[in-house]
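with the input below, show me the fold.
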Amino acid sequence: MASVQEKTIVRQTDEQVQAALLQADSAAVSTQHMPAEGHPEVESGDYEHESFFAFALRTYEELRQFKFALFTFVMNTLSRRYRRSVLGFAWSLLNPLLTMVVMSVVFASLFKRDLHHFSMFIFSGVLPWQFIQTTITSSTQSILANETFLKKLYNPRAFFPLANVCVEAFNFAFSLASLFILAAIFGLSVKATSLLLPIVIGITCIFLCGASLIMAIATVYFRDLAHITTVVLSVMFYMMPVMYPPDKLSPKLLLFFQFNPFYHIIRLYRQVIYEGVLPGVVDWLIPTLTAFGALLIGLYLLKRTERDLVFRL
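Numbers count the residues shown, from 1 in each chain. Model prediction:
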């Protein structure tokens, strides 16, 4: 059971987030000349015939108005996650580092590979997959878990799924730091192609923003989806060449993986971190099209459900 002090911290955190949302909402009202109480023109259907492009632009502008509230929410979420830990944020660095050491020893022995190089192979695939899996899984609850804020104050419906992606991206950055620390421990050189990581991470975040929107909205209408997603993603982890080399697979099975969008994103990370090769045009094109395709689908789904979403909570 939570202590009185812990409950006080949680309440203060919620008050900080609510104050930031209220401030952003007031700024949006004064800037866009919107009615202050719940933005009734959105609810009354003035945007019913709004084009998709206009909707996407409006969503972007609203999120830009809420950027300070987004930063506050992300920071409070991270501090709440580690507040009872002695090491605090250091666990974001230590947890993946310790996991990498254990898994490297186990799977290097299993596949009879050199420990030093095989550890980099494993975690150039495992870390981005964990980023994708954790983000999508947690996104299913991103709207449901914050229904109090959605009902009390007006804020963009994409706010909480986007905040979820930002939180997990922060953790992923620490995980990548652990990866390079492991490389230094094993005396492995960092590939020059690692400079392309910001682009690869950007593509991944675009994909996750779309996927998070889809999953968050769908879970509002179908609550069991959160549990189904956890199971499906856990199974997919073992159905992709993340923990084992692709050369262990038959050509037919490898062809099957070509239809998996996650495979191409993981492959990009592996190329720039482990293989040290410049990805080809097709290697860039497939993940990029997948990312923007997911984002467009997420925005389209948000446009269709924007007015109805809060009433379903």
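
which residues in the stretch 51-200 of the chain form strands?
Listed from the start of the chain, the stretch 51-200 of the chain has no strands (DSSP state E, counting those that start in this stretch) to report.

show me where it has its helices.
Secondary structure of the stretch 51-200 of the chain, counting by DSSP state H, counting those that start in this stretch: helices at 52-65, 67-82, 90-110, 115-139, 147-152, 159-185, 197-221.

of those helices, which is nearest residue 267?
Nearest of the helices of the stretch 51-200 of the chain to residue 267, taken as CB to CB: helix 115-139 at 8.5 Å. All C-beta spots, glycine's among them, are computed from the backbone N, C-alpha and C.

pLDDT (mean, whole number) over stretch 282-297?
The average pLDDT for stretch 282-297 rounds to 95.

same question for stretch 148-163.
Here stretch 148-163 scores 86 as its mean pLDDT.

measure stretch 250-266 end to end?
Stretch 250-266 has an end-to-end distance of 19 Å (CA to CA, to the nearest Å).

from the chain's centroid, how far away is that stretch?
22 Å (CA atoms, centre = their mean, to the nearest Å).

may I see the buried residues of it?
Neighbour counts over stretch 250-266 (16 or more other CB atoms under 10 Å) mark 257, 261, 262, 263, 264, 265, 266 as buried.

with these in mind, which one is nearest to residue 165?
Proximity of these to residue 165 (CB to CB) peaks at residue 265, which lies at 14.2 Å.

that closest one: helix or strand, and which one exactly?
Assessed by DSSP states H and E, residue 265 sits inside helix 261-270.

which residues are in contact with that helix?
121, 124-125, 127-129, 132, 197, 200, 203-204, 207, 236, 240-242, 257-258, 279, 283-284, 286-287, 290, 294 (CB atoms under 8 Å, 6 or more residues apart in numbering).

tell me the spacing between residue 158 and residue 220.
13 Å (CB to CB, to the nearest Å).

got any ranges where the stretch 201-313 of the chain has weak pLDDT?
248 (pLDDT under 70).

among the contacts of helix 261-270, the buried ones, what's the ChimeraX command?
Selecting only the buried entries of these in ChimeraX, with 16+ other CB under 10 Å as the criterion:
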select :121,124,125,127,128,129,132,200,203,204,207,236,240,241,242,257,279,283,284,286,287,290,294
